[in-house]
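Peer 1: quick one, structure for this:
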Amino acid sequence: MPSITLNPLKIVALALVLCCACLYAPMLHAQTPAPDASAAPAAAPDAGATPPAKDTSLGDMLFQGGPVMIVLALASICLVWFTIEGFVNLRAKKLAPPALIARIKEAFKAGNYQEAWSICRSNKCFLSAVLGNGLERIGRSKDAVEFIVEETALREANDLKTNTTYLSVIGVVSPMIGLTGTVGGMIGAFSLLGRSGISDPSALAGKIGEVLIATMSGLVVAVPAFIFFYILRAQSQRAILYAESQVYRLLDDIPYEQLSGVRIGEDFGTDGGAKSRSARSNVSQKVSRNVTTNCPSCNAPITVGTSPCPNCGTVLDWGGA
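Peer 2: The predicted model follows:
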């Protein structure tokens, strides 16, 4: 079955159109109904008669919602921002770029793990952050590498999903903010009722209708926030699982026993690194005549067939294919 690729910007644009449609929908009910053509012509209006009500525009409705509409407007801006950011960043190819994976595989084949670490440091993404921390502990043991990989992956995943979590917060809080504005407006409406009584029911009904705009606006913000929260949560989980699987595939081919004591990272080539390499200088390292141009221990350039390494003294086995 062919895969369907959706443009994230088109999805967000569609959501914004739906939100605008929800905002404009009450305007249709607020307009004065057209007169019935079959009805008898109305008499000429008296001079003192009340003029017909004007159509309510969207701007008038938002103004009638009260101060809480400012907060809801900010919430809607955050909703759009977090949604676009989620669709752009929470993708498998963004978390684990195929070109980056290919470069790291080539470095691994050459036994150049320091170069692989440098590639991770210069290409910031989920995979490089997780794999880079794992490579720094490659000389300890496989268990140490897997432990730090799991810990880093969990931390990076939480950071990636932070803004997506905020969408859930917006979905929960927005109706409460709208309800707060409605309650405040109802207090004013009943104060009006207490002063003037029920002599003008239409004015009271209009006042109550105005205060309900805040509740409606809160729901308009909350509904898409929840929808996009669940969509992005599922998308982020798929992308993170894919990136983690790529990390473990890269780590599967590392000869941990042969690399015992090797230091990878910032202190590579320092005195501490030299000591760790000299301690294992008699350990035979299998290298390939086809792809190896650097010593797998010290990363120094070497000539094919040279053993031991003239830089660190590591015994090299050139029997590899």
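
Peer 1: where do the strands sit along this structure?
Peer 2: 284-288, 315-320 (DSSP state E).

Peer 1: mean pLDDT lowest for which of these?
Peer 2: Across those, strand 284-288 has the smallest mean pLDDT, namely a mean of 53.

Peer 1: leaving out the residues flanking it, which one is nearest to residue 89?
Peer 2: Distance criterion CB to CB, 6 or more residues apart in numbering; nearest residue to residue 89, sequence neighbours excluded, is residue 160 at 7.1 Å. For the C-beta atoms, the positions are set from N, CA and C on the backbone; glycine is no exception.

Peer 1: which residues sit in contact with the one you found?
Peer 2: 89, 90, 95, 126, 236, 240 (CB atoms under 8 Å, 6 or more residues apart in numbering).

Peer 1: these in helices, which ones?
Peer 2: Within the contacts of residue 160, residues falling in helices by DSSP state H are 89, 95, 126, 236, 240.

Peer 1: same list, those, but as a markdown table with distance to residue 185, neighbour count and pLDDT please.
Peer 2: Formatted as a markdown table, the ones in helices among the contacts of residue 160 follow (distance: CB to CB, whole Å; neighbours: other CB atoms under 10 Å; pLDDT from 0 to 100):
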| residue | distance to residue 185 | neighbour count | pLDDT |
| --- | --- | --- | --- |
| 89 | 40 | 18 | 91 |
| 95 | 46 | 25 | 94 |
| 126 | 47 | 27 | 94 |
| 236 | 39 | 19 | 93 |
| 240 | 44 | 21 | 95 |
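
Peer 1: out of those, flag the one nearest to residue 107.
Peer 2: Of all the ones in helices among the contacts of residue 160, residue 107 sits closest to residue 126, with 18.7 Å by CB to CB.

Peer 1: my read: that closest one touches residue 93, true?
Peer 2: No. Counting by CB atoms under 8 Å, residue 126 does not reach residue 93; the two are 11.2 Å apart.

Peer 1: hey, which helix or strand in the protein has the poorest pLDDT?
Peer 2: helix 271-278 (a mean of 43; mean pLDDT, DSSP states H and E).

Peer 1: stretch 115-134: end-to-end distance?
Peer 2: 14 Å (CA to CA, to the nearest Å).

Peer 1: list the buried residues for it?
Peer 2: Residues 115-120, 123, 125-134 are the ones in stretch 115-134 that count as buried (16 or more other CB atoms under 10 Å).

Peer 1: now intersect those with the helices, please.
Peer 2: 115-120, 126-134.

Peer 1: closest one of these to residue 177?
Peer 2: For those, the nearest to residue 177 is residue 126 (34.1 Å; CB to CB).

Peer 1: so what's the closest one up against?
Peer 2: Per CB under 8 Å, 6+ apart, neighbours of residue 126: 95, 96, 153, 156, 157, 160, 240, 243.

Peer 1: do residue 238 as well
Peer 2: Neighbours of residue 238 in contact, by CB under 8 Å, 6+ apart: residue 92.

Peer 1: ok, now with 10 Å
Peer 2: The contact partners of residue 238, by CB atoms under 10 Å, 6 or more residues apart in numbering, come to 90, 91, 92.

Peer 1: generate a PyMOL selection restricted to the buried subset of these.
Peer 2: Buried residues within the contacts of residue 238, by 16+ other CB under 10 Å, are selected in PyMOL with:
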select buried, resi 90+91+92
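
Peer 1: and the contacts of residue 238 as a markdown table, adding pLDDT?
Peer 2: Listed next are the contacts of residue 238 as a markdown table, based on pLDDT from 0 to 100:
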| residue | pLDDT |
| --- | --- |
| 90 | 92 |
| 91 | 92 |
| 92 | 92 |
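
Peer 1: residue 211: which of the contacts of residue 238 is nearest?
Peer 2: Nearest to residue 211 among those, with distances taken as CB to CB, is residue 90, at 38.6 Å.

Peer 1: from what I see, the closest one and residue 242 are in contact.
Peer 2: No. Taking contacts as CB atoms under 10 Å, residue 90 lies outside contact range of residue 242: 11.2 Å.

Peer 1: in JSON lines: the contacts of residue 160, plus distance to residue 194.
Peer 2: Formatted as JSON lines, the contacts of residue 160 follow (distance: CB to CB, whole Å):
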{"residue": "89", "distance to residue 194": "54"}
{"residue": "90", "distance to residue 194": "53"}
{"residue": "95", "distance to residue 194": "60"}
{"residue": "126", "distance to residue 194": "61"}
{"residue": "236", "distance to residue 194": "53"}
{"residue": "240", "distance to residue 194": "58"}
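
Peer 1: good, wrapping up.
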